[in-house]
Each structure stands twice: as C-alpha cells, then as structure tokens.
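> prediction below, plus the sequence it came from.
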Amino acid sequence: MDIQETKSYNCKVNVTLRSTIPVVGCEINPSVSVTSKGPFPVPFHSYSVNFKWYKEAEICSIHNDKLATVQCVSCVKLNIPGKESYHCSTKCFLNSWQAHQQRHHLETERRTLTDDAQTIRKLRSSGSWPELCSECLIDEAAMMDGGGKDWFLVSCSRSYVPEVDDLGLILKLDCVAVDLLTNTALSELNQTMTDPVIEFPEAQPRPMVPTPRVQESSSLCSTSLNDFTFSILSYNILSDIYTYQKYYNCPPWALVWEYRRHNLLREIIKYNADIICLQEVQSDHFENFFKPKLTEEGYMAIYKKKNNEVYTGNQFVTDGCATFYRRHLFKEFAKHEVEFNKKTSPVVEALEPDLRSEASKHLMKDNVALVVILETLGNCCIKDAIQSRICVVNAHICSDPKLPDVKLFQASAYASFGLAVAMQERQLGKFNQETREPELTFRSKRFSKTLDYIFYTVNTLEVEAVLELLDHEDVAAGLPSPLWSSDHIALMSSFRILPKKQSCN
C-alpha cells in the first residue's frame, strides 16, 4: 500500500551511522530515532519506520549510457571486476560474447579459483537480477536522487549486509516515519549516503610454533595408555563499551562492532582451539553473537559477567569472561565464579578505619574470574579419572601498571617456549630476553606491554606448541587495527597431559 503524503510533518527521523564506510560481509546497523517537531508528541503506540536500502545502479560495460540488467555469472565466479561483467540486455551480452569470453580465458590463466572464493559469492543468474519480494520491487519514483544518480533497491530491512557485488558502490538508506492507523507519512524522507563499499581485509596468518619436547626420564614409566593433547586460546577481545573514548589511530569503520565481531569470530574460529577463554565479552554480545556462533562450531559456552553495568542508549550492559570448550572432547564437571571485590572486602574491613577508604578505592575492583573443571570424555584414552580432569581458570584482572599489588592480590606457557635453545631468530626477537616474556600482548597509544598470560602446572602439563607472537613491527599502526580487532593479541598454547609417573621395578 502506498504511503500517503501530508503537507506538514510533525516528526523527524534521525539516522546515524557509526561509520560511513561499509565493508563487504559486515552488517550496517544504523542508529535510528524519531523526534517531535512540534507541540504534539510522537504517536509511539501506532507508528513505524520504513527502511529502503539502495545501491548505485551498475552501468552496461558496452553501452555507457544504459543501465545494466544482466550480469555474467562466469565473471562472478572468476572475481572479474563487476563493471566488466554488466550488460544492458541479454541481446547486448550475446552480441559481445566472443570478445567477452577472452576475459575469462585470460583470468583463468592468471589465477586459480579456490573453494573459499566460491563460497563467499552468491552467484547471480546470467539472465536477470535476483528475484526480490513484492515489497522490494524497484520504486521507479525513487530511483533518482537529487544528484541524478540511478539506484537499485536491494533491501527493505533496517540493516543491510553489503555483498561482493556491492564493492566500490555507494549505498543509500531512505527512512520515513509512518502512522500505522492512517498510513500517512509523519516525517520527511531521510536519505543517508555511505562512502563506496570496501573489501574485507585479508587476514594475517599466525601459525603454531612447536617447542622441543623435554626428554622423559627412563627411570619412570607411564600409567596412561596414550598421550592426550589439547589446545587453549586466551583472548581479551575489547568490549564495545570501551571503544568510544579512545583508539583514534584506528579508522572508524574498523572500530564498528559489526566489523570487529566479524573479524574476531573469523580469527577465533581459524585458531581451532579446544578450549577458548575470552575476556571483555559484552553481556549482550555473548548472548546474541558469540554463544550461538560458537555453538554452531561445536562448543559449549559458560559466562560470568561483572556487576557494574553501563547504559548504552537502549539497555544496560557489562562485560565479563566467557569460556567455550569442545563438546565432543569435554564435559563440565564443576564450575565456580569469582568476584574479586568480594574477596577483597574482608581485607579492607580488617584495616584501621582511617585506611579503609583509600584501600577500598585501591583494591575494590570489579574484576571477575570463571573457574571450570572439565573432564575428558571416555574416548580420549585417559585411564585415571582424576588425571582426566582439567581445571581452567579464565580471569580478567586489573591491568593498571601502577597497581602491581592489586594484580598480585587477584592472581607462563610462553616463558617455557622462550627457554627453547632451538628457537628461530625470528621468534627470538619477539621475546624479552630478560623476563622471558613476549615483547607485547597489548598496545595502546600510551604504552605496549605484556598483560596476557597462559599459566599452567608444570608437573601435569607439557607445552607442545604456542601461537606465533606479534611484535612492534606487526602492530606498527597500533591496536586495534583493521587486521587485529582488539587492543590485545590472542595467545594460544597446545598442551600434552603428562602421564602419571611411578618407579619401574
């Protein structure tokens, strides 16, 4: 049903994009509000906002004065630039086929199409554009804007995810408030334009680097049938509630949560860890993103959030620690949640009255830890029941370098790696030779330090390999960045459960 226009409008639609640069594969989720322009309030009980997303119309590669209606599916498969694949009609496409086909042959010789390249594209029919729902039919009256551009309607939803075919094109969002009872417009049309869509940056690989295994004493023998190895990832992913007041060196489009979550998830899944410990996981992001996404990847999820919440404009949220484990390898045996401010409360109360106030401000931090005891499942070939249990402590402690005593009150695999004499020079340069710590796991505008650790018990676990570190050269542009979506870097180590030793007679 067509929206009826009125001569005057009582409302105004306000649209804000946190970044005007869209990225292929990353959802654009605008902030939209409706305010009153006059003395009468907005009829919140009976209005809605209609959304229409448009993209610049493609031009025929043969006839520059005509709009494209047909795209060559072979060009899409070969990732040939879209401008070379568009034609104004099927007849135009067939007439130019002999010359056009040469592009396919040249591109095939230059590159090999990978399975990954195929999966990220939604191939179009060579005879027409994709079918749209009846509500998404092109509105002829809205295909021209004030600048004389031609537009194709691509979505009637509030949000939009740019596709590969949108690369290099400008997007436009039209919003209007509508009275549901009378179907009349309550506001003027709000038009919001983006910059051209950019490609998602290619990931930088971080391989696992094996460590030399310590030779076992011949005077001891094992009581377990087989070795059991597992990997664990620790990653402070930078909660979105902490990105609004700093990180000016990072381009705004790479700070948007919809981009960072996509990049973080891609990185986390690629590491393929058996146990994942994430810190600074925003409470709503755990529920509506990380938990469902990693559940699809075969993980079970546990979460402990902080107590102090902040208002983000539409809800109260906080951050916390999230632990994920492979459900085909482990089951939860026990769980314990730690709130460090409760642990420090008896200490503060035991002080002299004139010292309590300062000690309270100094020690009472809203940091938390999540402790879970995992038991390996029966097919993991571990004989001893106690030996088959792993205690995983996922802790987010105070990071302020001025408060080392607070860290000590609240509380490494990479150090054992740093002792390996066979370490390559490239890896050696990423370690502090005095402390045997990584050169950095955190970088901000103020300082770069090692703030992240994976601690383990030496008598029951042995380090098999660690995730390659980054150095100052790798993060020269600062953190976060388009490549690395947190101000911390991920740490990962694979461990072997040491067999229970006894003297051999």
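Yes, it's here.
> how about the helices of the stretch 201-350 of the chain, start to end?
Counting by DSSP state H, counting those that start in this stretch, residue ranges of the helices within the stretch 201-350 of the chain are 252-255, 257-271, 283-285, 291-296, 340-349.
> what's the mean pLDDT across the third one?
For helix 283-285, mean pLDDT rounds to 96.
> which other helices and strands contact that helix?
Applying 3 or more C-beta pairs under 8 Å, 6 or more residues apart in numbering; DSSP states H and E, one finds that helix 283-285 contacts no other helix or strand. All C-beta atoms are positioned from the backbone trio N, CA, C, and that covers glycine.
> re the thing from before, adding distance to residue 234 and mean neighbour count, write the helices of the stretch 201-350 of the chain out as JSON lines.
Putting these into JSON lines (distance: least, C-beta to C-beta, whole Å; neighbours: other C-beta atoms under 10 Å) gives the following:
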{"stretch": "helix 252-255", "distance to residue 234": "23", "mean neighbour count": "19"}
{"stretch": "helix 257-271", "distance to residue 234": "11", "mean neighbour count": "19"}
{"stretch": "helix 283-285", "distance to residue 234": "18", "mean neighbour count": "19"}
{"stretch": "helix 291-296", "distance to residue 234": "15", "mean neighbour count": "15"}
{"stretch": "helix 340-349", "distance to residue 234": "18", "mean neighbour count": "15"}
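> CA-only coordinates of stretch 198-206 in PDB, if you can.
Taking C-alpha atoms only, stretch 198-206 is exported to PDB below (Å, rounded to 0.1, in the frame of the first residue of the first chain):
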ATOM      1  CA  ILE A 198      35.300  -1.600   0.600                       C
ATOM      2  CA  GLU A 199      36.700  -5.200   0.600                       C
ATOM      3  CA  PHE A 200      37.200  -7.100   3.800                       C
ATOM      4  CA  PRO A 201      41.000  -7.100   4.600                       C
ATOM      5  CA  GLU A 202      42.900 -10.300   4.100                       C
ATOM      6  CA  ALA A 203      43.800 -12.000   7.400                       C
ATOM      7  CA  GLN A 204      47.500 -12.200   8.500                       C
ATOM      8  CA  PRO A 205      48.300 -15.800   9.400                       C
ATOM      9  CA  ARG A 206      49.700 -16.800  12.800                       C
END
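> may I see the buried residues of it?
By 16 or more other C-beta atoms under 10 Å, the buried positions in stretch 198-206 come out as 198, 200, 206.
> of these, closest to residue 266?
residue 200 (8.8 Å; C-beta to C-beta).
> isn't that closest one right up against residue 161?
No - taking contacts as C-beta atoms under 8 Å, residue 200 lies outside contact range of residue 161: 11.5 Å.
> and for the two, which residues touch both?
Residues touching both residue 200 and residue 161 by C-beta atoms under 8 Å, 6 or more residues apart in numbering: 25, 26.
> for residue 23, give me its contacts.
162, 197, 198, 199, 200, 253, 259.
> tell me what it is bridged to.
residue 198 (DSSP bridges).
> what is the burial count for the residue lying closest to residue 497 once chain neighbours are set aside?
Spatial nearest neighbour of residue 497, chain neighbours left out: residue 228 (4.8 Å); criterion: C-beta to C-beta, 6 or more residues apart in numbering. For residue 228, the tally of surrounding residues (other C-beta atoms under 10 Å) stands at 19.
> how confident was the prediction at residue 228?
At residue 228, pLDDT is 86.
> what of the one 3 residues further on?
Looking at residue 231, its pLDDT reads 97.
> tell me the bridge partners for it.
Beta-bridge partners of residue 231, as defined by DSSP bridges: residue 494.
> dump the residue contacts of it.
271, 272, 273, 274, 275, 492, 493, 494, 495.
> same check on residue 481?
249, 250, 254, 475.
> closest to residue 189 among these?
Out of the contacts of residue 481, the member with the shortest distance to residue 189 (by C-beta to C-beta) is residue 254, at 30.7 Å.
> and that closest one, how far from residue 478?
Here the criterion is C-beta to C-beta, to the nearest Å. By it, residue 254 lies 11 Å from residue 478.
> name the nearest of the contacts of residue 481 relative to residue 232.
Nearest to residue 232 among these, with distances taken as C-beta to C-beta, is residue 475, at 22.9 Å.
> isn't the closest one up against residue 484?
Yes - Residue 475 lies in contact with residue 484 (C-beta under 8 Å); the separation is 6.7 Å.
> which one of these two is surrounded by more residues?
Taking neighbours as other C-beta under 10 Å, residue 475 and residue 484 compare with residue 484 leading, 27 against 19.
> tell me the phi and psi of the residue nearest to residue 497?
The phi and psi values for residue 228, taken as degrees, to the nearest 10, are phi -130, psi 120.
> next one: it from residue 234, what distance?
20 Å.
> within the sheet, what are the partner strands of the helix or strand hosting residue 55, with directions?
Counting by DSSP states H and E, the element that carries residue 55 is strand 47-56. Each strand paired with strand 47-56, and its direction, by DSSP bridges: strand 151-155 (antiparallel), strand 171-179 (antiparallel).
> minimum distance to residue 13: which of these has it?
strand 171-179 (4.8 Å).
> which parts of the closest one are buried?
Buried, per 16+ other C-beta under 10 Å, within strand 171-179: 171, 172, 173, 174, 175, 176, 177, 178, 179.
> and stretch 470-490, by the same measure?
For stretch 470-490, by 16+ other C-beta under 10 Å, it's 470-471, 474-475, 478-490.
> over to stretch 321-335?
321, 322, 323, 324, 325, 326, 329, 330.
> could you dump these to TSV with pLDDT?
Compiled in TSV, those are given as follows (pLDDT from 0 to 100):
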residue	pLDDT
321	96
322	97
323	98
324	98
325	98
326	97
329	95
330	96
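> show me which pair in those is furthest apart.
Largest pairwise distance in the buried residues of stretch 321-335, by C-beta to C-beta, is 20.4 Å, between 321 and 329.
> quick check, pLDDT for the closest residue in space to residue 495 that isn't next to it in sequence.
In this structure, residue 495 finds its nearest non-sequential neighbour in residue 461, 4.5 Å apart by C-beta to C-beta, 6+ apart. If you check residue 461, the pLDDT there is 90.
> let me see the contact set for residue 461.
495, 496, 497, 498.
> same check on residue 178?
3, 47, 48, 49, 50, 184, 185, 186.
> go again using 7 Å as the cut-off
3, 47, 48, 50, 185, 186 (C-beta atoms under 7 Å, 6 or more residues apart in numbering).
> if I look at it, how far off is residue 185?
For residue 178 relative to residue 185 (C-beta to C-beta), the value is 6 Å.
> same question for residue 244.
Using C-beta to C-beta, which is the criterion applied here, residue 244 is 33 Å from residue 185.
> where are the low-confidence patches of the stretch 51-200 of the chain?
Residue ranges of the stretch 51-200 of the chain with pLDDT under 70: 81-82, 111-149.
> what residues of the strand holding residue 55 count as buried?
47, 49, 50, 51, 52, 53, 54, 55, 56.
> ok, for residue 325, nearest residue in space, not its chain neighbours?
In space, residue 325 is closest to residue 275, 4.9 Å off (C-beta to C-beta, 6+ apart).
> for that neighbour, what are its contacts?
230, 232, 325, 392.
> select from these the one having the most neighbours.
residue 325 (26 neighbours).
> so how far is residue 93 from that one?
53 Å.
> now residue 287
48 Å.
> more neighbours: which of these two?
Ranked by neighbour count (other C-beta under 10 Å), residue 287 and residue 93 place residue 93 first, with 23 against 13.
> what are the phi and psi values at the more buried one?
Torsion angles, degrees, to the nearest 10, at residue 93: phi -60, psi -50.
> in this structure residue 277 contacts residue 325, no?
No - when contacts are counted by C-beta atoms under 7 Å, residue 277 is not listed as touching residue 325 (9.6 Å).
> just to revisit the earlier point, distance to residue 374 added to the strands paired with strand 47-56, as TSV?
Shown next, in TSV, are the strands paired with strand 47-56 (distance: least, C-beta to C-beta, whole Å):
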stretch	distance to residue 374
strand 151-155	43
strand 171-179	45
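> nothing else from me, thank you.
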